[in-house]
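J.: the following comprises the amino acid sequence and a computationally predicted model.
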Amino acid sequence: MKPAKFAYHAPSSLDEALSLLQRYGGEARVLAGGQSLIPMMNFRLAAPAALVDLNRLPDLDYIKHENGVVRIGAMTRQRKLEFSPVIAERLPLLRDAIRLVGHLPTRSRGTIGGSLAHADPAAELPMMLQVLEGEVVARGPGGERVIKAGDLFRSILTTALEPGEILTEVRLPAMAPKAGHGVEEFARRHGDFAIAAVAVVIVHEGERCSKARLATGGTGPVPLRLTAAEAVLERKGPGEAAIDEAAEAAARAVEPMTDQNGSAEFRRHLVRVLTGRVLRRATEKGPR
Amino acid sequence: MSDLVEIKLTVNGASHEGRTEPRKLLVDFLREDLGLTGTHAGCEHGICGACTVMVDGEAARSCIMLAVQANGAEIRTIEGLAEDGKLHPLQEAFHREHSLQCGFCTPGMLIIALDFLRTNPSPSEAEIREAMSAAICRCTGYRNIVRAVAAAAEKMRAKP
């Protein structure tokens, strides 16, 4: 339960961090909040030759709203998001979801960029990137590139980031001021990873729905947009029957795995129930 | 050994300097190098919360933080909770409400409660339960712990 040996580097600039990664040629890991990586190293599921600690970099901790987009530095702690007035105003769904991310003492260290780069399929923040149609900025030796949510997550704990790249910024379009939203998850203990989770943003006026975005976590190798369910709502509006149909479409769209926390069938059932529940909540048909 | 790293940190108001392997966890540095064994190492992978300490004013799990990362940090452990020989209101409340049996989880419980009440001085019972779910207790059950946090919150609010 102790990490294997590694070389430790705490660079003071992003360029220095990038050249360190290059020097180790894929054998180094980036250390952000460490709330997933260090446990994996304690178990020796991960034994990198070196750690490149980003915690001494000065410029990756910020939350800004500009031209309808909230830009969040990759090293911004989850607890900072929890209490940020910008997040509360522009991304109330993210504010609600943050309270489901780990526990108070892990949110004080855990970062938004670290969670996205780690890409645990049961984590809430990757699901948030999907439902909020966000993108991330990655810096590598060749410069910067932008990766959309749908292209970032490849498989369990696997993203489109190259070994020499560092995720530097998260960009999330501000939610429409009147958008309904909700997030629901089923976990054994509050703060644990979701056995299944569903989140929604919906723009609707009465029974007409101009935009619906749904995503799920914990129900497959990557967090998934539930596009079939979105289409049902955008076509039929958020009436009771359409919500049931969307929940059914969501349950059909997932390919869950069976593990010690639940069977595939159980997770599919949860997706159906949670989708109905978040939609009723987001359209004020159900309890808040 | 050549790969030792020098670190300087403040623990409970006192400065410490030490040399540590990069792989040494903060909890082990506190216990083995500084002799502060009040912080307990439980699960050693960030689940049980027994090792929680304050790092620069915020609760953090010291078994999933490296000692080298605490270079320059201000740490507060359970040993720094009582002041001038007088128990902290949280300690008093845990004592009065019988919130511990074996006491193994208690240092972490107290630090989590300390940070929680800093940001939410008037919590509901549901909020206390949510926050205290960050630590696992295997003997008392949680009822008395929740009651103690509520009682301490009340007492701390009443203080000028």
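T.: The structure has been received and is ready for your questions.
J.: find the nearest non-adjacent residue to the residue in the stretch 51-200 of chain A that chain B sits nearest to, please.
T.: Proximity of the stretch 51-200 of chain A to chain B (Cβ to the nearest Cβ) peaks at A:H103, 3.4 Å away. Bear in mind the C-beta positions are built from the backbone N, C-alpha and C, glycine included. Distances taken as Cβ to Cβ, 6 or more residues apart in numbering or on different chains place B:A134 nearest to A:H103, at 3.4 Å, with adjacent residues excluded.
J.: residue 82: neighbouring residues, count only.
T.: Reading this off chain A. A count of nearby residues for A:E82, using other Cβ atoms under 10 Å in any protein chain shown, gives 20.
J.: meant chain B actually
T.: Applying other Cβ under 10 Å, I find that B:A82 has 12 neighbouring residues.
J.: domain assignment for chain B?
T.: According to automatic domain parsing, chain B comprises the domains B:5-80, B:89-158.
J.: redo these as TSV? Include mean pLDDT and mean neighbour count.
T.: Putting the domains of chain B into TSV (pLDDT from 0 to 100; neighbours: other Cβ atoms under 10 Å in any protein chain shown) gives the following:
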stretch	mean pLDDT	mean neighbour count
domain B:5-80	97	20
domain B:89-158	96	19
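J.: ok, which of those domains comes nearest A:T283?
T.: Closest of the domains of chain B to A:T283 is domain B:89-158, at 24.6 Å (criterion: Cβ to Cβ).
J.: ends of that closest one, how far apart?
T.: With Cα to Cα, to the nearest Å as the measure, domain B:89-158 spans 11 Å from end to end.
J.: show residues contacting the longest helix anywhere in chain B.
T.: As assigned by DSSP state H, the longest helix anywhere in chain B is helix B:143-158. For helix B:143-158, contacts defined as Cβ atoms under 8 Å, 6 or more residues apart in numbering or on different chains pick out B:89-90, B:92-94, B:96-99, B:109, B:113, B:116-117, B:121-123, B:125, B:128-129, B:131-132, B:137.
J.: cutoff 7 Å now
T.: B:89-90, B:93-94, B:97-99, B:109, B:113, B:117, B:121-123, B:125, B:128-129, B:132, B:137 (Cβ atoms under 7 Å, 6 or more residues apart in numbering or on different chains).
J.: re earlier: wait, the residue of the stretch 51-200 of chain A closest to chain B sits on B:M132?
T.: No. A:H103 lies out of contact with B:M132 (Cβ atoms under 7 Å); the separation is 9.3 Å.
J.: picking up where we left off before, let's have the domains of chain B in JSON lines, adding distance to A:Y8.
T.: Output for the domains of chain B, formatted as JSON lines (distance: least, Cβ to Cβ, whole Å):
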{"stretch": "domain B:5-80", "distance to A:Y8": "3"}
{"stretch": "domain B:89-158", "distance to A:Y8": "26"}
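J.: looking at these, which is closest to A:R90?
T.: domain B:89-158 (21.3 Å).
J.: report the distance from that closest one to the chain centre.
T.: 12 Å (Cα atoms, centre = their mean, to the nearest Å).
J.: now do the contacts for B:G38.
T.: Contact analysis of B:G38 by Cβ under 7 Å, 6+ apart lists B:77-79, B:107.
J.: for those residues, work out which two are farthest apart.
T.: Going by Cβ to Cβ, the pair spanning the contacts of B:G38 furthest: B:E79 and B:P107, at 8.9 Å.
J.: ok so, going back, next one: phi and psi at the residue of the stretch 51-200 of chain A closest to chain B?
T.: phi -130, psi 170 (degrees, to the nearest 10).
J.: same check on A:R29?
T.: Dihedral angles for A:R29 - degrees, to the nearest 10 - are phi -120, psi 150.
J.: in the sheet, who's paired with it?
T.: Beta-bridge pairing of A:R29 under DSSP bridges involves A:L51.
J.: where does the stretch 1-150 of chain A come near chain B, residue by residue?
T.: Applying Cβ under 7 Å from any Cβ of the partner chain, we find that the stretch 1-150 of chain A lies next to chain B at A:1-3, A:5-6, A:8, A:34-35, A:38-39, A:42-43, A:53, A:55, A:79, A:103-106, A:108-109.
J.: what does chain B put close to chain A?
T.: Residues of chain B lying near chain A by Cβ under 7 Å from any Cβ: B:5, B:22-23, B:25, B:44-46, B:49, B:52, B:58-61, B:64-65, B:68-69, B:112, B:115-116, B:130-131, B:133-134.
J.: out of those, which are inside strands?
T.: B:5, B:52, B:58-61 (DSSP state E).
J.: okay, now A:P48: neighbour count?
T.: For A:P48, using other Cβ under 10 Å, the count is 20.
J.: equivalent analysis for A:E184, please.
T.: The number of residues near A:E184, taken as other Cβ under 10 Å, comes to 21.
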